[in-house]
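Enquirer: 3D model of this:
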Amino acid sequence: MLLSDNGIDQALRPSKNFGFQREIMDVLFGSIDVRDLLPTHELEDSSPLSAPDLRLLIDRLQVRSLHIKDKVRQYILSHLRDFSDIFSLCSETASRSVEIYDQVADILFLLSERPLDTEIRDAISEIRSVIREAKEKKELLDLVSLIGNLNKKLNVVREDLKAGRLITAAEAVRDLKVVLRLGVESVVEEREPVVFSLLRKDWNECFDEIQEMLLRLMETAISFEKEGSRLRVRSQLDVDGIEGIELHTILAAMDVVGVLKYGLAKVADLIVRSVITPAINDGCRILWTDNLNDKSGRMTDAILKIVPSSDPKNVDSEGSVIFSEIMQVIKFINRFICLQNGDWMRCFGRLSWPRISDLIISNFLSKVVPSDASKLGEFQTIMKLSSEFESVLKEMMFISASDSEDKRLTNFAENVEVHFAFRKKTEILAKARKFLLRCDFIVSPENISKGLRSKNEGIAEESSDSVVKELLFLSENCMVSEAASQLMELVHQTLQDVCVSSPRVALEFYRAARDALLLYEAIVPVKLERQLEGLNQAAVLMHNDCLYLSQEILGLAFEYRSHFPSSIKEHAIFVDMAPRFRLMAEEILQRQIQHVIFNLIEAIDGADGFQNTHQMKQYESAKFSMDQVVFILEKVHIIWEPLLMPSTYKNSMCMVLESVLSRMTKDILLLDDIAAEETIQLQRLINLILETLSSLLESLTADNQEGKSHESSTRTIDDLIPSLRKIRKLADILDMPLKSITTAWESGELIRYGFTLSEVVDLIQAIFTDSPLRKECLRRIHSASS
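Expert: Sure, this is the predicted structure:
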């Protein structure tokens, strides 16, 4: 606003005296070159000027300055008008800026005295508040209107129920459920009006009312009369003053409101329990009629009657009658209950078919599964009937046409081989269990005698409670229980069936054979738990059984594996089971041996270490203990010898005798003071027990088995029981003079009998009193040892 456009143009307009302007600008910006003013132009910048040059330069600058001033004056005079216009414009602009300043100051003064922006803000806030209140009132009016409409609709639903307009009421309940957001998995807002909770509660009550009414109508429409054994379906009802309620209307209303599945479930349970089950289990016939009409000529009732079979024992082996009767029931359901509505029929099928098919399978199909593999071909007729039966059900939409799980009967019939094998496996395991539980593991005296004779003769023989069997890999005979013999025969029969069966059946038979053997391990140890803790026939028989089974199991692969179907040859193994039974046999035998040794040691403990046997009371006590030892050994001999293998009996009895005789020898050698009379009594006790055990010892040396190796036949009883010769020698030492004992040690005789240096020294010190002779003999004994 300070300069007008014309003034600016004039000020900036180029002048004719452009050279003058250039000179002025050169002077102002130092563009005049000093060299041009000097007489000599070839002057370096760093060269100093002389005094004449400086005076000349000053004079020329003064001339030049005067020349510039003259040109400036001429330029101003020639452009005086332009400069006058510029100055006028500047003065006018300055005066107008003062006016603008005064106006702005007035405005600021007014604003400071009266805050207009505050008034405007307050007015805007008030407008917003009024608009919000109006909006809230409108929303409240809409909410009240909505609540009123919802409440009115709920009341209309109740009125429709009372008037019998079931479908209309059901549709209203369904629509209100959506409006009230029932069943929606969303969090209810905290600020939601409480009235909505009341409306939801009212809707739930209304839903319960319509559901209760529909279910009550359904129960009235479809009922079972036990007296006449018939199912009645009423197509029209007159209830609570409402006439002409149709079954179709009831089902449609239940479908709309979402309780059709629940309503049909009760009907399905009634029909399966009261109609289907008698038809399958008892062979009842099914008859139905639909000719009961009212005065208007419309059909009102349909009756399904159950007629008991005239011959309940007559078994329908082919299943045609059962399938026919069940089909009658399902056709009745389709026509009179589901009213040929595909969706309702499919819903009814999903609710009832699993139970119906299970009844058919468990009470018919599983019972007609062939018990012989050669009759599996005869099952084709039943397979065909099952497939046709389910095809008709698919056409009626009772079962799904695409879901293979609904083909339950066909799937069962097609897998008849598996069912046959499972049935046979169940029978095999039942037989095995019966054998094991029935056997008492007790052998009568007569059979013991027969078994002992058979063992000695090397032949197998059976009796009512035991069997003498030859072990495959040991070339010896032992007596086993009847249960073990029967179990092994059952396993052999099963494996023979494996060789001639199809792969699927063979696999189940193979598993049945293994499981039958494992049943022995599972049942017998529990059954004989108490007997295994003591000395009896049952424990010994169980040992023999486990040994026999382990030997037989080892031979199964050699006997049958090559004849098995190729698909199970790689999987069919038995060798893994043999060590388990062998280990069981060893554990049982060791428990028996340890039990016997414990009883024997306990009896020897009653002798009180054979101390003071020269006293009559102590001698009688020691003799009684020896009698107990002999009694226990005789009992062991009676139980073990007839039952155990000869080698096992011999090794076990030698182990027991070694334990007894070594303990007796040890107790006598530990005596620190033996009187002369006491040596006689100790010698008598030793000779007494050796004489009593002579028959037992002779039985161990008897060799009645053929094929025994030369090495084992040359071993004497003293080799088998090292303590036997030691205790015999001990009896001699008790009656030997000191010098003879010394001589026997020096010759090495006592060492060969198992005596040690300390034992001989202690025995001499216990029997003989201290004397020069004893010292000399002890010195000689020590010298001989060194």
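Enquirer: next one: the helix or strand containing Ala484 to chain centre, how far?
Expert: Element membership of Ala484 [criterion: DSSP states H and E] is helix 482-499. Using Cα atoms, centre = their mean, to the nearest Å, the mean C-alpha position of helix 482-499 is found 34 Å from that of the whole chain.
Enquirer: beyond that helix, next helix or strand please.
Expert: In N-to-C order, the element after helix 482-499 by DSSP H and E is helix 503-527.
Enquirer: now that following helix against helix 482-499, angle please.
Expert: 170 degrees (axes from the mean of the first three to the mean of the last three Cα atoms, to 10 degrees).
Enquirer: circling back: buried by neighbour count: which residues of the helix holding Ala484 qualify?
Expert: Residues 482-488, 490-491, 494-495, 497-498 are the ones in helix 482-499 that count as buried (16 or more other Cβ atoms under 10 Å). C-beta here means a position set from N, CA and C on the backbone, and glycine is covered the same way.
Enquirer: Throw these into CSV and include distance to Arg73 and pLDDT, thanks.
Expert: Output for those, formatted as CSV (distance: Cβ to Cβ, whole Å; pLDDT from 0 to 100):
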residue, distance to Arg73, pLDDT
Glu482, 158, 89
Ala483, 153, 89
Ala484, 152, 89
Ser485, 156, 90
Gln486, 154, 91
Leu487, 149, 91
Met488, 151, 91
Leu490, 149, 93
Val491, 146, 92
Thr494, 145, 89
Leu495, 145, 89
Asp497, 145, 84
Val498, 141, 85
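Enquirer: tell me which two in these are the farthest apart.
Expert: Glu482 and Val498 (24.7 Å; Cβ to Cβ).
Enquirer: can you check the pLDDT for Val179?
Expert: Val179 is assigned a pLDDT of 73 by the prediction.
Enquirer: again with Ser709
Expert: With respect to pLDDT, Ser709 scores 46.
Enquirer: next: Val636.
Expert: For Val636, pLDDT reads 91.
Enquirer: that's a helix at Arg232, yeah?
Expert: No. Read with DSSP: H, G, I helix; E, B strand; the rest coil, Arg232 is strand and lies in no helix.
Enquirer: which among the buried residues of helix 482-499 gets closest to Pro48?
Expert: Val498 (134.1 Å).
Enquirer: so Ile741 makes contact with Ile764?
Expert: Yes. Under the criterion of Cβ atoms under 8 Å, Ile741 makes contact with Ile764 at 6.4 Å.
Enquirer: neighbour count winner among those two?
Expert: Ile741 (22 against 18; other Cβ atoms under 10 Å).
Enquirer: which outside residues touch the strand or helix carrying the more buried one?
Expert: Assigned by DSSP H and E, Ile741 belongs to helix 738-746. Residues from elsewhere that reach helix 738-746, judged by Cβ atoms under 8 Å, 6 or more residues apart in numbering: 733, 736, 750-751, 755, 760, 763-764, 768, 773-774, 777, 780-781, 784.
Enquirer: now distance to Ile58 too, for the buried residues of helix 482-499, in CSV please.
Expert: As requested, the buried residues of helix 482-499 are exported to CSV (distance: Cβ to Cβ, whole Å):
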residue, distance to Ile58
Glu482, 157
Ala483, 152
Ala484, 151
Ser485, 155
Gln486, 154
Leu487, 148
Met488, 149
Leu490, 149
Val491, 146
Thr494, 145
Leu495, 144
Asp497, 146
Val498, 141
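Enquirer: hmm, back to that, if any of the contacts of helix 738-746 are buried, give me the PyMOL selection for them.
Expert: The buried residues among these can be selected in PyMOL (16+ other Cβ under 10 Å) with this line:
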select buried, resi 733+736+750+755+760+763+764+768+774+777+781
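Enquirer: and which of the contacts of helix 738-746 is nearest to Ile76?
Expert: Checking the contacts of helix 738-746 one by one against Ile76 (Cβ to Cβ), the nearest turns out to be Ile751, at 159.3 Å.
Enquirer: which element is the closest one on?
Expert: helix 749-752.
Enquirer: so what's the gap between that helix and the chain middle?
Expert: 68 Å.
Enquirer: quick one: Ile303 is in a strand?
Expert: Yes. Counting by three-state DSSP, Ile303 is found in a strand.
Enquirer: which residues does it bridge with?
Expert: Following DSSP bridges, Ile303 is listed with bridge partners Arg232, Thr289.
Enquirer: count the residues that sit near it.
Expert: 18.
Enquirer: wait, it sits on Ser235?
Expert: No. Between Ile303 and Ser235 there is no contact under Cβ under 8 Å: 11.9 Å.
Enquirer: pull the contacting residues for Glu225.
Expert: So Glu225 contacts Leu231, Arg232 (Cβ under 8 Å, 6+ apart).
Enquirer: could you pull out the helices in the stretch 301-450 of the chain for me?
Expert: 320-332, 342-360, 380-395, 408-414, 416-438, 445-457 (DSSP state H, counting those that start in this stretch).
Enquirer: show me where the stretch 351-500 of the chain dips below the pLDDT cut-off.
Expert: Along the stretch 351-500 of the chain, segments meeting pLDDT under 70 span 371-378, 445-470, 472-473, 475.
Enquirer: hmm, 80 instead?
Expert: Within the stretch 351-500 of the chain, the stretches with pLDDT under 80 are 366, 368-381, 404, 412-420, 443-477.
Enquirer: just flag the most distant two among the contacts of helix 738-746.
Expert: Ile751 and Leu773, at 22.4 Å, using Cβ to Cβ across these.
Enquirer: if I pick Gly606, what's in contact with it?
Expert: Gly606 sits next to Ser621, Phe624, Ser625, Gln628 when contact means Cβ under 8 Å, 6+ apart.
Enquirer: filter the residues you listed down to the buried ones and hand me the ChimeraX line.
Expert: Here is the ChimeraX selection string for the buried members of these, based on 16+ other Cβ under 10 Å:
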select :621,625,628
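Enquirer: nearest to Glu417, of the contacts of Gly606?
Expert: Gln628 (64.2 Å).
Enquirer: so for stretch 643-656, what gets flagged as buried?
Expert: 643-646, 648-656.
Enquirer: alright, calling it a day.
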